[in-house]
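**Q** Could you look at this predicted model? Sequence included:
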Amino acid sequence: RRPFFAFFVPFPKQFSLRRPAVLESMAALWYPYAVFLCKGDDSVTKLRDKRLFLLDMDGTIYIGDRLFDGVPEFLRHVRAMGGRYLFLTNNSSRGVEGYMEKLRRMGIETTRDDYLTSVDATVRYLRETLPGKTCYVFGTDSFLSQLGRAGIPVPRDREQAEVLLCGFDTELTFQKLEDACILLNRGVPFVATNPDWVCPTWYGSVPDCGSVCRMLTTATGREPTVIGKPQPEMALLAMERTGFSPEQTVLLGDRLYTDIACGVNAGIDTVFVLSGEGTMADIDTYQIHPTWVYPDIGTLYRKLEETV
């Protein structure tokens with residue numbers, strides 16, 4: 001469904017929507033003009049009927065170690081209305097315990113059951129499609145440990161590997177690139193946790209799994225099988241685990257080509273927030289159309305509060 005934008009004020013060209021501090025100050029000045037709603041029944045009041053909120057993390061609820069304004073209030077609002085939220089992330093570089101600790105430092109208490117990651121979806125894929133195959137892990141030690149605890153064989157020796165598995169690698173070395181190319185040229189299956197081009201940080205962006213996979217594809221001609229968002233599996237798995245229906249579910253994220261596409265592919269409503277990587281221009285670029293667009297989660301929370 002293509003959204004009808006009820007209000008629109010162009011953002012000045014000298015401002016970058018990738019900078020959250022600038023975005024928040026602009027939203028405060030221009031709210032509600034920076035809120036975009038769908039026509040007909042797809043108004044903001046429809047959000048009040050949602051009970052399962054699937055939340056992207058990087059660029060949606062925080063950037064770096066900075067929690068966005070309004071996130072604690074939004075989470076309390078979801079609980080108060082009898083709903084549930086799950087944090088969905090394509091970032092495989094750290095385990096759930098790392099995310100729990102990170103949010104704890106920001107003042108948000110969570111449990112293991114509040115998370116669903118691309119590693120969870122990848123483990124299911126490997127068990128169902130490549131059972132028992134040994135994987136060379138192109139990723140962090142945390143990623144390797146997560147797979148090992150899930151029972152996936154992960155030898156560090158390239159010669160024992162039957163699958164190349166790539167994730168977001170903040171510990172990247174040239175040796176890993178060389179090992180990956182050797183394995184790909186041998187014809188082993190090529191699996192990637194996610195297609196994200198970049199990971200947003202407080203100082204800009206860094207190459208994510210998709211960018212490194214593109215480098216490997218350029219070098220070897222091999223394309224990966226991608227598991228995480230935008231594939232629908234993570235959203236479908238979330239609904240399966242919680243028992244909520246597609247009509248009760250909404251996905252919030254800052255990237256059209258992963259987050260919002262995942263929701264569209266899973267048949268659920270979506271909220272595109274402009275607090276991370278994505279910009280309004282991306283809608284025309286990718287031709288992926290969210291149900292709602294908001295500057296950030298804090299603005300969404302305030303709008304929800306107005307409708308109570």
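**A** On my side now, so go ahead.

**Q** So which residues of this protein form helices?
**A** Secondary structure of the chain (DSSP state H): helices at 20-30, 71-80, 96-105, 118-129, 141-149, 174-186, 209-220, 233-242, 261-266, 281-286, 297-307.

**Q** Point out the most buried one among these.
**A** Among the helices of the chain, ranked by average contacts under mean count of other CB atoms under 10 Å, first place goes to helix 261-266 (a mean of 23). C-beta: built from backbone N, CA, C; applies to glycine.

**Q** Please enumerate residues in contact with that helix?
**A** If you take CB atoms under 8 Å, 6 or more residues apart in numbering as the criterion, helix 261-266 is touched by 54, 88, 229-232, 234-236, 239, 246, 250-251, 253, 269-270, 286, 288-290.

**Q** Once you drop chain neighbours, what's closest to residue 84?
**A** If the residues on either side of it in the chain are set aside, residue 84 comes closest to residue 52, at 5.6 Å by CB to CB, 6 or more residues apart in numbering.

**Q** Thought residue 249 was touching that neighbour, still the case?
**A** Yes - at 4.3 Å, residue 52 and residue 249 qualify as touching, with contact defined as CB atoms under 8 Å.

**Q** Need the residues touching each of these two.
**A** 238, 239.

**Q** how far away is residue 89 from residue 46?
**A** According to CB to CB, to the nearest Å, residue 89 stands 26 Å off from residue 46.

**Q** and the two? which has more neighbours close in?
**A** residue 89 (26 against 18; other CB atoms under 10 Å).

**Q** what sits against that one?
**A** Counted by CB under 8 Å, 6+ apart, residue 89 has contacts 56, 57, 58, 99, 115, 117, 118.

**Q** let's see it at 7 Å
**A** By CB atoms under 7 Å, 6 or more residues apart in numbering, residue 89 lies in contact with 56, 57, 58, 117, 118.

**Q** what's the answer for residue 285, then?
**A** By CB under 7 Å, 6+ apart, residue 285 has no neighbours at all.

**Q** and it, how far is that from residue 279?
**A** 9 Å.

**Q** Quick check, residue 52 in contact with residue 248.
**A** Yes - at 5.6 Å, residue 52 counts as touching residue 248 under the criterion of CB atoms under 7 Å.

**Q** Neighbour count for those two, which is higher?
**A** residue 52 (23 against 18).

**Q** so who does the more buried one touch?
**A** 83, 84, 239, 242, 244, 248, 249.

**Q** pLDDT score assigned to the fourth one?
**A** Looking at residue 242, its pLDDT stands at 97.

**Q** my guess is it contacts residue 83, does it?
**A** No - the criterion here is CB under 7 Å, and residue 242 misses it with residue 83 at 10.2 Å.

**Q** Low-confidence regions, this protein specifically.
**A** Scanning the chain for pLDDT under 70 picks out the ranges 1-43, 307-308.

**Q** 80 instead?
**A** For the chain, the stretches with pLDDT under 80 are 1-45, 200, 307-308.

**Q** ok, the residue of it positioned farthest from its centre to residue 147 distance?
**A** No residue in the chain sits farther from the centre than residue 159, which is 32.8 Å out by CA atoms, centre = their mean. From residue 159 across to residue 147, the span is 19 Å (CB to CB).

**Q** now do residue 57
**A** Here the criterion is CB to CB. By it, residue 57 lies 20 Å from residue 147.

**Q** Residue 141 too?
**A** Taking CB to CB, one finds residue 141 at 11 Å from residue 147.

**Q** do the same with residue 277
**A** Counting by CB to CB, the gap from residue 277 to residue 147 is 27 Å.

**Q** next one: residue 265
**A** Using CB to CB, one obtains 25 Å as the distance from residue 265 to residue 147.

**Q** Same check on residue 61?
**A** Noted for residue 61: a distance of 26 Å to residue 147, by CB to CB.

**Q** Residue 180 now?
**A** 16 Å.

**Q** do the same with residue 118
**A** When residue 118 is compared with residue 147 (using CB to CB), they lie 12 Å apart.

**Q** before we move on, what about residue 244?
**A** From residue 244 to residue 147 the distance is 28 Å (CB to CB).

**Q** And residue 100, by the same measure?
**A** Residue 100 is 19 Å from residue 147, by CB to CB.

**Q** cool, residue 289 as well?
**A** For residue 289, the distance to residue 147 equals 35 Å [CB to CB].

**Q** cool, and residue 283?
**A** 36 Å.

**Q** go on, residue 136?
**A** Taking CB to CB, one finds residue 136 at 11 Å from residue 147.

**Q** do residue 46 as well
**A** Residue 46 is 39 Å from residue 147, by CB to CB.

**Q** Ok, residue 92 next?
**A** 9 Å.

**Q** what does residue 190 give?
**A** Using CB to CB, we find residue 190 at a distance of 16 Å from residue 147.
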